[in-house]
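Novice: Using only what follows, build the 3D model:
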Amino acid sequence: MRRISEQNGIVEIPPAQHILDALMGPVAVLDPAGTIVTVNRAWRDFGKANGAEEATSVGINYLDICEGATGGDAPCARSAAAGIRSVLAGKESFFLEYPCHSADEKRWFQLRASRLDHQGTTFAVVAHHDITDRVLAEQERQGLLARARRHQEQLEALAATCTRVAAAGAPETVFREITEQARLIIGAQWAATHTNPYVLWPADSVIVSVSEKYRDVPRSAIAQSGVGIYGHVVQLGKPVRLTAAELNLNPELQGVRNTADDLLVTEGLLAVPITGLQGGVLGVLMLSDKAHGMFSPDDEAILIQLAQIGAVAAENAVQTRAERESRERLWATHEHASIGIGETNATGRFLTANKGLASITGFSHNELLNLSIFDLVAPDDIETEKALYERQVAGELKTYTLEQRHIRRDRSSIWLHVSSTAVFDEDDRFQYSVRVIQDIDQRKRFEQRQALLVRELHHRVRNTLAVVEALASATARTTTNVRDFNRVFSSRVAALARTQTLLTEDYWQTALLREMLMCELQPFHETRHQRFTLQGPEVNLTADLAIPLSMALHELTANAARYGALSIRKGCVAVTWDVGSADGKRTLHLTWTERNGPPVAPPTHHGFGLTLLERVLQAQCRAQVRLTFDPGGLQVEIDLPLITHRVVPDY
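Specialist: All right, here's what the predicted structure looks like:
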């Protein structure tokens, strides 16, 4: 190398020690055992400056010194020793940042250990770099960021407070919100607002907000602690910000003095006047015992803003109270009305809704305000309503009325009478529509019921006349003289009348099978000897089934009385029935059994009774009838499907 330098005319390379001494930062080289083998000038100066000149000298085991460190720097020293050992064990490098403060200065250093391999031996090159400026700059940056975040949070809290206070409807609500938010935003342990006596102000002239620290302190003690400050700020008419020491020098500002109060007035205080729009002082907003540090000018600026917000909101609340009370009286009238009243915008969305409307529709007040009139109208009536409402919004139709079906919250249908009246401004522009809604469901259902009954009456009269006509014709064919005709025809008409009576008692809807049987068999009831038995569940029959079946039962009873079991004293009739299922439909199975009567033989001719059983029941009721002419007694089995919904034709 020296020859190459001489040949090229280059100056000889300086020794390694000279190179180390030229480095600005402290550098030392450690052998595999951790002993310092060489250092640069900056390293020696570093040891002198930190009072560790001997510990950083050549020949000293640096790792032993680090591992034997005590006091607050011990953890960092042991970490440095462990890191350097890892480099001596083969790791490329190790970094560690640590504080190195003196009595009058704070400093931070970065330790960097790098591996040096020379002739098969591993050394560690340890360098210390002063990073104090960088750390201080980072701390300052973090402090500024924290302060900016804090300001951002306070601004957001102020904006949220403005929104809540603007919505407050009473001065007491305003002052309570301002007091609470002032404590939370600035970070004080307690806050209080003292208001000037005024008829519209809160009944309690002092509003208090406290943190957990003062949770068990009586509110009266906090109120008394602020009396002196309140009077002082009102007299000055400007903010007051005092430290704990300044406050202790002015005991007259601390209100009523006692042991409990002393705890509340020694942690610093910030108070600002609440000034009205006309310049008068409405009260004083004060804070004490800041959670972190003392109250700052920034805190004072925020508290002034909160006081201004509170003053404006409180005076606005007072000015609007009379108007609100007037509106409340009018609204109370609406709320207690038995009809539904609501206001809707141009799209039909509800702007207001009274209790009557909520009760009629089944929706709550808040739910109605999220709906439009078209959400309530039955699907079949929506187009009609839309057409009329669009004309009303366009100014073509100031008022219209409708009787239509609406859908309640439980999806049931209800009939309502709707009157919609539009309100326009001076330029004939649509503002809103007033809807007055009455529940006419009972009336409409009554009208529908009446219409149904009229149709039922027409239907029943026609059917009854047809049955009477058929009875007369059949009776005439099976009787030989007028006397027999009158007797048989009268009994059949009477049986028809009894069934009609049962149906009429239930608005001509259904008749009980047991009652139909009792109407026919009651004349044969005896207390000493049981002439008939009835056994089966309760079954309701619609008119279309009840009338044909009752006529069949009458014919069976009449036949039993003239020729069968009921014609002699010891004879009896047993009627049983039950309800089953066939092809997914309910069916009635009825059995008529006669016992202990005269011997039975098949009839030689078909009379009205057989015709009714075999043909009429099958045609009108789709029944299946089986007759067994057993010598011991007649047995009749009837199976017929039960009708659940009967269609009454229009006439």
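
Novice: what's across from the residue lying closest to Ile60 once chain neighbours are set aside in the sheet?
Specialist: With sequence-adjacent residues excluded and distances taken as CB to CB, 6 or more residues apart in numbering, Ile60 is closest to Ile36, at 5.4 Å. (Each C-beta comes from the backbone N, C-alpha and C, glycine too.) Bridge pairing for Ile36 (DSSP bridges) gives the partners Leu30.

Novice: Can you give me the neighbour number for Ile36?
Specialist: Residues lying near Ile36 (other CB atoms under 10 Å) number 21.

Novice: which residues of the stretch 201-350 of the chain fall in strands?
Specialist: 206-210, 240-242, 269-275, 281-290, 340-344, 350-353 (DSSP state E, counting those that start in this stretch).

Novice: doesn't Arg44 fall inside a helix?
Specialist: Yes - applying DSSP: H, G, I helix; E, B strand; the rest coil, one finds Arg44 inside a helix.

Novice: Tell me if I'm right that it and Thr38 touch.
Specialist: No - Arg44 is beyond contact range of Thr38, at 11.0 Å (criterion: CB atoms under 8 Å).

Novice: quick one: contacts for Thr421?
Specialist: By CB atoms under 8 Å, 6 or more residues apart in numbering, the residues touching Thr421 are Lys398, Thr399, Ser433, Val434, Arg435, Val436.

Novice: just checking, next helix/strand downstream of the one helix or strand it maps to?
Specialist: Using DSSP states H and E, Thr421 maps to strand 413-424. Sequence-wise, the next helix or strand downstream of strand 413-424 (DSSP H and E) is strand 430-439.

Novice: Just the element for Leu556, please.
Specialist: helix 543-562.

Novice: just checking, next helix/strand downstream of that helix?
Specialist: Using DSSP H and E, the helix or strand that follows helix 543-562 in sequence is strand 572-582.

Novice: who does that next one touch, helix- and strand-wise?
Specialist: The contact analysis (3 or more CB pairs under 8 Å, 6 or more residues apart in numbering; DSSP states H and E) places strand 572-582 against helix 513-521, strand 532-535, strand 585-595.

Novice: Give me the contacts around that strand.
Specialist: 513, 517, 521, 524, 530-537, 539, 557, 560, 564-566, 586-596, 641-642.

Novice: Which positions within that strand qualify as buried?
Specialist: Going by neighbour count (16 or more other CB atoms under 10 Å), the buried part of strand 572-582 is Cys572, Val573, Ala574, Val575, Trp577.

Novice: Closest one of these to Lys238?
Specialist: Comparing the buried residues of strand 572-582 against Lys238 with CB to CB places Trp577 closest, at 99.7 Å.

Novice: Just list whatever residues bridge to the closest one.
Specialist: Leu590.

Novice: pLDDT wise, what is it at?
Specialist: The score at Trp577 is 94. That number is its pLDDT.

Novice: for Arg435, same thing?
Specialist: With respect to pLDDT, Arg435 has a value of 92.

Novice: you'd agree it is up against His417?
Specialist: No - taking contacts as CB under 8 Å, Arg435 lies outside contact range of His417: 10.8 Å.

Novice: Which neighbouring elements make contact with whichever helix or strand Ala82 is part of?
Specialist: Per DSSP H and E, Ala82 falls inside helix 74-88. When contacts are defined as 3+ CB pairs under 8 Å, 6+ apart, helix 74-88 packs onto helix 62-67, strand 93-99, strand 108-118, strand 121-130.

Novice: try it again with 10 Å
Specialist: Applying 3 or more CB pairs under 10 Å, 6 or more residues apart in numbering; DSSP states H and E, one finds that helix 74-88 contacts strand 27-30, helix 62-67, strand 93-99, strand 108-118, strand 121-130.

Novice: how many neighbours does the spatially closest residue to Pro273 that is not a sequence neighbour have?
Specialist: Leaving aside its sequence neighbours, Pro273 sits nearest to Val281 (CB to CB, 6+ apart; 5.0 Å). Neighbours of Val281 under the rule other CB under 10 Å: 17.

Novice: do the one 3 residues further on as well
Specialist: The burial metric for Val284, expressed as a neighbour count using other CB under 10 Å, is 24.

Novice: Please state the mean pLDDT value computed over stretch 320-335.
Specialist: pLDDT averaged over stretch 320-335 gives 73.

Novice: For that stretch, buried residues please.
Specialist: Buried residues in stretch 320-335, counted by 16+ other CB under 10 Å: His334.

Novice: For the stretch 251-400 of the chain, which segments count as helices?
Specialist: Along the stretch 251-400 of the chain, the stretches classed as helices by DSSP state H, counting those that start in this stretch are 259-262, 297-335, 355-361, 365-368, 373-376, 382-393.
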